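> What follows is a predicted protein model with its sequence.
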Amino acid sequence: MEKLQNFIDGNYCAPVEGQYMDNFEPATGKVYCQIPNSTAKDVELAVIAAEKAYPIWSGMSIDERSKIMVKLSEGIEARMDEFVKAESRDNGKPLSLAAHVDIPRAVSNFHFFATAILHYASESHNMEGVGVNYTLRKPLGIVGCISPWNLPLYLFSWKIAPALAAGNCVIAKPSEVTPYTAYLLGKVAQEAGMPAGVLNILHGQGGAAGDAIVKHPKIKAISFTGGTQTGEYIARTAAPMFKKLSLELGGKNPNIIFADCDFKDMLSTTLRSSFANQGQICLCGSRIFVERSIYDKFKEEFVSRVADTVVAHPDDPKAKLGAVVSKPHMEKVLSYVELAKEEGGTVLTGGERVIMDAPYEEGYYLRPTVIEGLKFDCRTNQEEIFGPVVTITPFDTEEEVLMMANSTQYGLSATLWTSDLKRAHRMADKIDAGIVWINAWLVRDLRTPFGGVKASGVGREGGWEALRFFTEPKNVFVKY
Ligand code: NAD
């Protein structure tokens with residue numbers, strides 16, 4: 001069976017302690033490769049390599065750094081097919097999704113930050129007749145990037161790219177559940193001419209390799225995307241060491257639908273915002289609130305479209321939903337359907353596992369699920385499920401829906417459907433979220449600030465925000 005390797009100091013290598021763990025293919029439920037179960041010893045090797053590489057990388061001209069990163073982006077593009085197949089196999093997502101969203105976006109992430117750094121200027125503040133301040137923006141040194149399984153290379157590159165572009169050396173750990181495309185990235189970095197030790201990719205468990213990254217005194221910042229509980233642990237561990245922290249955490253996003261919306265556009269977008277990537281996108285709108293006057297019409301048409309949605313193995317071109325990422329995750333999602341029933345909810349469609357024909361009979365497939373009849377403050381409507389499950393709830397007034405939308409501990413994103421411009425602005429202003437889409441969902445401009453409020457995170461990614469995070473400002477004053 002194939003054994004993946006860590007990528008340290010420009011080369012692939014086995015974990016120091018020789019321990020491996022199984023990697024499952026969600027579509028079949030079978031183990032298909034093994035990955036290093038790295039420890040603090042592997043992290044130490046990566047830190048030594050990064051320390052050696054840092055003067056070279058940070059001392060390079062921005063132009064040279066940018067060229068290497070553009071090559072990295074082109075290297076992924078040149079291997080598009082290999083990356084797409086690997087992502088789909090590792091995660092269970094439809095091949096078409098990996099081909100149209102995940103891998104092209106990883107290409108863009110590297111390209112975007114490779115070129116953004118060319119335009120990143122430091123500030124200057126003139127004090128009339130007194131002197132001038134200029135602010136240097138220096139890289140931090142060695143930084144840690146830890147990412148989740150739902151959009152594996154997409155989110156891995158979203159962190160690594162700005163960190164590298166700003167001149168840092170990186171120790172990165174993808175999720176142990178979806179390591180494969182991060183593993184392939186090492187080869188592309190080699191081919192792009194990235195100096196050894198600049199980008200180090202370690203595999204293994206959060207509590208071992210991840211924890212060792214967070215605790216290492218020479219790693220100056222942690223950029224983390226994952227669950228809120230893990231984020232809390234990381235914050236508790238890293239804060240006393242005064243590390244810079246960027247935390248992109250969970251969500252329970254509202255999708256608010258007013259009667260005056262463009263119904264057709266809303267319906268097709270709501271299908272995507274509910275179930276894209278099997279509902280495993282932190283931005284999915286899992287709580288759908290519908291103005292009472294169109295509630296019945298919405299319910300009928302939405303449920304009928306959801307019931308017709310094709311769940312199939314990821315290679316099937318008809319698949320709208322593939323497999324969810326793992327057996328424990330599938331069981332977690334199903335347990336929430338049971339909880340919803342206990343809490344008085346009615347499952348309008350879905351709510352069960354789909355057993356496919358061989359060889360996919362042990363794969364982790366779930367029918368997209370719509371539930372109604374739940375109170376806004378029950379656990380099903382407050383806790384993150386992160387699967388193909390949405391609830392629908394009627395509302396009567398703006399005040400009522402705002403109260404329900406803002407009632408969770410989370411505040412990542414929100415979607416509003418209305419043709420009333422004033423209402424759209426009014427609501428966008430009052431909603432607790434870092435990102436609000438009006439009459440749209442998941443339209444992303446990489447220059448905009450990305451992140452959440454409340455338990456959805458601390459800090460922002462994207463554009464200058466990311467380059468600011470991965471640099472330290474130093475103000476210099478010169479007297480006239
Ligand atoms: P997770 O928190 O279990 O794991 C995320 C990463 O952290 C993995 O690489 C894991 O190995 C590592 N990790 C786990 N414990 C660690 C520890 N103690 N120290 C250091 N690293 C540790 O999350 P997940 O299940 O992989 O991902 C799903 C979660 O991610 C959901 O809550 C989802 O909302 C969130 N998410 C958020 C965003 C966002 O931008 N806000 C984007 C995608 C996913």
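It's in. Since we're looking at a predicted model, the values are computed, not measured.
> going forward, measure contacts between C-alpha atoms and count neighbours the same way
Fine.
> In the record's domain split, what are the boundaries for this structure?
Following automatic domain parsing, the chain resolves into domains at 6-249+456-479, 254-445.
> can you put those domains in TSV and add mean neighbour count and mean pLDDT?
Output for the domains of the chain, formatted as TSV (neighbours: other C-alpha atoms under 10 Å; pLDDT from 0 to 100):
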stretch	mean neighbour count	mean pLDDT
domain 6-249+456-479	21	98
domain 254-445	19	98
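> which stretch among those comes nearest the ligand?
domain 6-249+456-479 (3.1 Å; C-alpha to the nearest ligand atom).
> Between the two ends of the closest one, how far is it?
End-to-end distance for domain 6-249+456-479, by C-alpha to C-alpha, to the nearest Å: 51 Å.
> gap between Ile146 and Pro179?
Applying C-alpha to C-alpha to Ile146 and Pro179 gives a distance of 12 Å.
> Repeat that for Pro317.
24 Å.
> same deal with Lys327?
Lys327 is 17 Å from Pro179, by C-alpha to C-alpha.
> again, but for Arg353
Relative to Pro179, and taking C-alpha to C-alpha, Arg353 is found at 25 Å.
> try Leu321
Distance from Leu321 to Pro179, by C-alpha to C-alpha: 21 Å.
> Kindly report the residues of the stretch 1-150 of the chain close to the ligand.
146-149 (C-alpha under 6 Å from any ligand atom).
> is it possible to export the residues you listed to CSV including secondary structure and distance to Gly186?
Output for those, formatted as CSV (DSSP: H, G, I helix; E, B strand; the rest coil; distance: C-alpha to C-alpha, whole Å):
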residue, secondary structure, distance to Gly186
Ile146, strand, 16
Ser147, coil, 16
Pro148, coil, 18
Trp149, coil, 18
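> Closest one to Asn475 out of these, please.
When those are compared for distance to Asn475 (C-alpha to C-alpha), Ile146 comes out closest, at 30.0 Å.
> Helix, strand, or coil at the residue nearest the centre of the chain?
Nearest to the mean C-alpha position of the chain, counting by C-alpha atoms, centre = their mean, stands Leu155 at 4.6 Å. What DSSP: H, G, I helix; E, B strand; the rest coil gives for Leu155 is helix.
> Tell me which stretches of the stretch 1-150 of the chain form helices.
40-59, 62-78, 80-91, 95-97, 103-116 (DSSP state H, counting those that start in this stretch).
> so can I have CSV of these showing distance to Ser413?
Below are the helices of the stretch 1-150 of the chain laid out as CSV (distance: least, C-alpha to C-alpha, whole Å):
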stretch, distance to Ser413
helix 40-59, 34
helix 62-78, 28
helix 80-91, 24
helix 95-97, 21
helix 103-116, 20
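> Nearest to Ala212 among the ones you listed would be which one?
helix 40-59 (5.1 Å).
> and the direction of that closest one versus that of helix 62-78, what angle?
Orientation of helix 40-59 against helix 62-78 (axes from the mean of the first three to the mean of the last three C-alpha atoms, to 10 degrees) gives an angle of 130 degrees.
> Return the alpha-carbon coordinates of helix 40-59 using PDB.
Taking C-alpha atoms only, helix 40-59 is exported to PDB below (Å, rounded to 0.1, in the frame of the first residue of the first chain):
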ATOM      1  CA  ALA A  40       7.300  16.700  17.700                       C
ATOM      2  CA  LYS A  41      10.600  15.200  16.400                       C
ATOM      3  CA  ASP A  42       9.400  15.700  12.800                       C
ATOM      4  CA  VAL A  43       8.300  19.300  13.600                       C
ATOM      5  CA  GLU A  44      11.800  19.900  15.100                       C
ATOM      6  CA  LEU A  45      13.400  18.800  11.800                       C
ATOM      7  CA  ALA A  46      11.100  21.100   9.800                       C
ATOM      8  CA  VAL A  47      12.000  24.000  12.100                       C
ATOM      9  CA  ILE A  48      15.700  23.400  11.700                       C
ATOM     10  CA  ALA A  49      15.200  23.400   7.900                       C
ATOM     11  CA  ALA A  50      13.100  26.500   8.000                       C
ATOM     12  CA  GLU A  51      15.600  28.400  10.200                       C
ATOM     13  CA  LYS A  52      18.300  27.600   7.600                       C
ATOM     14  CA  ALA A  53      16.100  28.700   4.700                       C
ATOM     15  CA  TYR A  54      14.700  31.900   6.300                       C
ATOM     16  CA  PRO A  55      17.600  34.200   5.500                       C
ATOM     17  CA  ILE A  56      17.600  33.000   1.900                       C
ATOM     18  CA  TRP A  57      13.900  33.300   1.300                       C
ATOM     19  CA  SER A  58      13.300  36.600   3.200                       C
ATOM     20  CA  GLY A  59      16.500  38.100   1.700                       C
END
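> Show me what it is in contact with.
8-9, 15-16, 65, 139, 141-142, 167-171, 195-200, 202, 208-209, 212-213, 218-219 (C-alpha atoms under 8 Å, 6 or more residues apart in numbering).
> related to what we said a few turns ago, nearest to Gly345, out of the helices of the stretch 1-150 of the chain?
Across these, closest to Gly345 is helix 80-91 (C-alpha to C-alpha), at 29.9 Å.
> That closest one packs against which elements?
Applying 3 or more C-alpha pairs under 8 Å, 6 or more residues apart in numbering; DSSP states H and E, one finds that helix 80-91 contacts strand 20-25, helix 95-97, helix 103-116, helix 152-165, helix 180-191.
> ok, 7 Å please
Using 3 or more C-alpha pairs under 7 Å, 6 or more residues apart in numbering; DSSP states H and E, the elements in contact with helix 80-91 are helix 95-97, helix 180-191.
> centre of the chain versus the last one, how much separation?
How far helix 180-191 lies from its chain's middle: 19 Å, per C-alpha atoms, centre = their mean, to the nearest Å.
> close to the ligand, is it?
No. Contact of helix 180-191 with the ligand (C-alpha under 6 Å from any ligand atom) is absent, the minimum separation being 11.3 Å.
> One more: stretch 196-208?
Yes. Using C-alpha under 6 Å from any ligand atom, stretch 196-208 reaches the ligand at 205-207.
> I figured Ala208 hits Thr39, correct?
Yes. Using C-alpha atoms under 7 Å, Ala208 and Thr39 qualify as a contacting pair, with a distance of 5.6 Å.
> related to what we said a few turns ago, what's the closest of the helices of the stretch 1-150 of the chain to Gly251?
Nearest to Gly251, of the helices of the stretch 1-150 of the chain and by C-alpha to C-alpha, is helix 80-91 at 20.1 Å.
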